[in-house]
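1. Predicted model and sequence below, questions to follow.
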Amino acid sequence: MKSTPRTHQNFWFPLPKRHSIIFYFLLCLFLSNPSIAETLKIGEINPLSGRLAKQGVEIHQGVEVAVAEANAAGGVGGKQLKLISRDDQSQPDVAISRAEELCAWEKVLALTGGYVDSLVGPIAAVAKKYRIPYVASASLQKELVQHENPYFFRVSRLQGFTEPLCGILTEHLKPQRLAILHSATPGSTELARDLENCLKAHGINMRLIEKFRPGTPDFTPLIGKLAEMKIDVIVSGGFSPDHILLVRQLKENRVCPKAYIGPFGIAYENFIQTMGEDADYLYSTCAWNPGITEPGSEATSRYFVQKFRQMFKGEPNTTNMHGYTSARALIAAMQAVVKNGQTLSGDAIRLALTRLDLAMPMEHLVFDPNGDPLHYRHVVVQIQKGRLVVVYPPDRASGEPLFPMPSWEERN
Amino acid sequence: MWTTALVSGISLGSFYILIALGFALIFGVTRNFNLAHGELVVFAGYVSYWLWKVWAWPFVLTFPVAILATLLICLGLQRLFARLCEPLELNSIVLSFGLAILIQNTMLFWFSGDYRLIRISTLSQGLRFPGFYLSYGQLTLLFLSLTVIAILYILMYRTYLGKALRATIQDKEAAAQAGINVAVMGTLAFCLGAILIGLAGPLYGCIHYLYPSTGHEVTLLAITITIFAGVGRLGGIILAGWILGLAESFAVILCGASWREMVAAVLLLTLLAFKPRGILGKGE
């Protein structure tokens, strides 16, 4: 009886055995070809959970817009960008391990994201170790750019807050009894120190400088102190929750300074909604907002707003823009490297970042030799009838500051 | 300034008491160290906020719902804790730590990372006295805390049930031998704890603000006061809450706002050094 020849043909091996092996070998070769399967990896570390989750998510959204925009335009050198996001849980030690993971295992080309210096600092150190450029989205502490870390860049700096604040205080508000309250964070402490120096140089002396822990549960005793000293202008370097509590307790205790300035965390839609009419007359600073943009960048700003609305069904804010700007800087540097015919490497991207000249809605982005942005500058805004009105500097003002703010009794 | 600090200290201390009572009661009776206590307070606050903001409920009516919600969670929690084996304190720390993270992230998902505030305009009005202003918010806090303390005092020291609860706190085995149903006492402690959490949550959203990760500070506060008071001593908790509130307030006036937590920590360490059984403890 004639035996049936043995065959390996089935669903997985439709070809005879020898041909199948050759076919799958070629397929593997094809798929493993870097020019076909490779994407360009960008790492991003943000506090997506924990006490800074809100800000971290906002930065992340901004970064996502920039990456989506670049990919829609064909990527970098014809390759799509792949964003690898990690959550540092608002903890510096976790930030370090996430940065190590992205640099050592994921082999990302560059890093971005990051909110507050205590989280940005450790990431910057890891980036330096692996010679990978890191463009931080929100960082202020001066010390971070004094560590001779050529791989560290950031899109914000402290002078961007100090100069306009000092300007409005000396030129418009002219306080007689000024109090500076600052939270026990590096950025806020440095802001208080720099502002004090600037005001002293203009002949304005501080009556009170007080440090408090972020998340202090009760400001009432401090308010008693402020009332006793008849403080007329308060500059508070706390964050949104501190302002929520402090302003509410100022109202409860019927203590009303002539002006209340909170450089961080007030110029946000969410803050205005939470505080309602109690937010009126408060001053803050703002780098960007849908209606507040660098002159000449209106079209780019509108495009970002549209793209953001399309992706997240909401209104963007200044934190989103910080994320967007940092990612755009990184992508622009990568594009410059490819354009020059160089291979994309950490050092090549770093070099391109040092030569970057990018017009963004938030700032004209050029880095100084330390990685600080040269032209980052806020405007001073005041909340008037639930809207942000630019009141300083004069060349960008859209309204007059309402000063002094009426007493709580008058407002009710 | 001094009167403001005094009023603020007592008012804040009263709120501390309200927060710590639930924790101390559950820990005293069941020996379960509930690290998710603060998260439950914040969760109750979110329930209240949601009803008040989205469904426009009157603030007062949100309390029963917040209490009911925490009651259900606490009973579920008790079932989980009941499955733990010895050492109970250590195992409950591990379990509740995981639960705290779970509740925190669930709240972040449901209520987003936006800061929420229950704004009741009446509570920000108040009475002006020479040298200080007493808001209705502070008065409410004081009144509610004192009422809760009084009810709890009557329950614990004037009823047979309270006697049974105190006996369980003092010695679980002896209480069981005396015919007290220790398991029922545990359920009761969780129920009372849930009611206290349900009361504290909406107030927390009103006098503080709501944010998913603020719960751990509340837990820390409850633990501090419980240690300060001595485990199982409700009278000590009242004293500890007020001392802590006043110490923090006067530290701000005398030394500056940055000394607030330092003074509280020094106070706690000193107490532990000289009276390790708590402020009303009678020594070894």
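-> Nice, thanks for sending it over.
2. Going by C-alpha atoms from here, please, whenever you check contacts or count neighbours.
-> Will do.
3. Contact distance from chain A - what residues of chain B qualify?
-> B:1-2, B:4-5, B:8, B:12, B:105, B:108, B:112-117, B:119, B:124-126, B:132-135, B:207-209, B:212-214, B:249-250, B:252-253, B:256-258 (C-alpha under 8 Å from any C-alpha of the partner chain).
4. List the ones among those that fall in strands.
-> When strands are assigned by DSSP state E, the members of the residues of chain B next to chain A inside them are B:126, B:132-135.
5. and the gap between B:W57 and A:E277?
-> 21 Å (C-alpha to C-alpha, to the nearest Å).
6. And the ones in strands among the residues of chain B next to chain A, which is the shakiest by pLDDT?
-> In terms of pLDDT, B:F132 ranks lowest among those, with 73.
7. Across the sheet, point out what pairs with that one.
-> B:F129 (DSSP bridges).
8. in chain A, which helix or strand is least confident?
-> helix A:34-37 (a mean of 46; mean pLDDT, DSSP states H and E).
9. picking up where we left off before, now list the buried members of the residues of chain B next to chain A.
-> B:1-2, B:4-5, B:8, B:12, B:105, B:108, B:113-117, B:119, B:124-126, B:132-135, B:207-209, B:212-214, B:249-250, B:252-253, B:256-258 (16 or more other C-alpha atoms under 10 Å in any protein chain shown).
10. Please identify the buried residues of whichever helix in chain B runs longest?
-> Scanning chain B for the helix with the most residues, using DSSP state H, yields helix B:2-30. Neighbour-count burial for helix B:2-30, with 16+ other C-alpha under 10 Å as criterion, is recorded at B:2, B:4-30.
11. avg pLDDT for that helix?
-> Per-region confidence: helix B:2-30 scores 86 on mean pLDDT.
12. now that helix, how far from the centre of its chain.
-> 7 Å (C-alpha atoms, centre = their mean, to the nearest Å).
13. Packing partners of it?
-> helix A:220-228, strand B:132-135, helix B:136-158, helix B:160-170, helix B:182-207, helix B:215-229, helix B:234-254 (3 or more C-alpha pairs under 8 Å, 6 or more residues apart in numbering or on different chains; DSSP states H and E).
14. Setting aside sequence neighbours, what's the nearest residue to A:F239?
-> Spatial nearest neighbour of A:F239, chain neighbours left out: A:G265 (5.0 Å); criterion: C-alpha to C-alpha, 6 or more residues apart in numbering or on different chains.
15. What is the burial count for that neighbour?
-> A:G265 sits with 20 neighbouring residues when counted by other C-alpha atoms under 10 Å in any protein chain shown.
16. per-residue confidence for it?
-> 88.
17. go on, the one 10 residues further on?
-> On the pLDDT scale, A:M275 is placed at 90.
18. try A:D218
-> For A:D218, pLDDT reads 85.
19. Quick check: it is in a strand.
-> No. Checked against DSSP: H, G, I helix; E, B strand; the rest coil, A:D218 lies outside a strand; its state is coil.
20. so it makes contact with A:H243?
-> No. A:D218 lies out of contact with A:H243 (C-alpha atoms under 8 Å); the separation is 11.5 Å.
21. Show the model's pLDDT score for B:A66.
-> At B:A66, pLDDT is 95.
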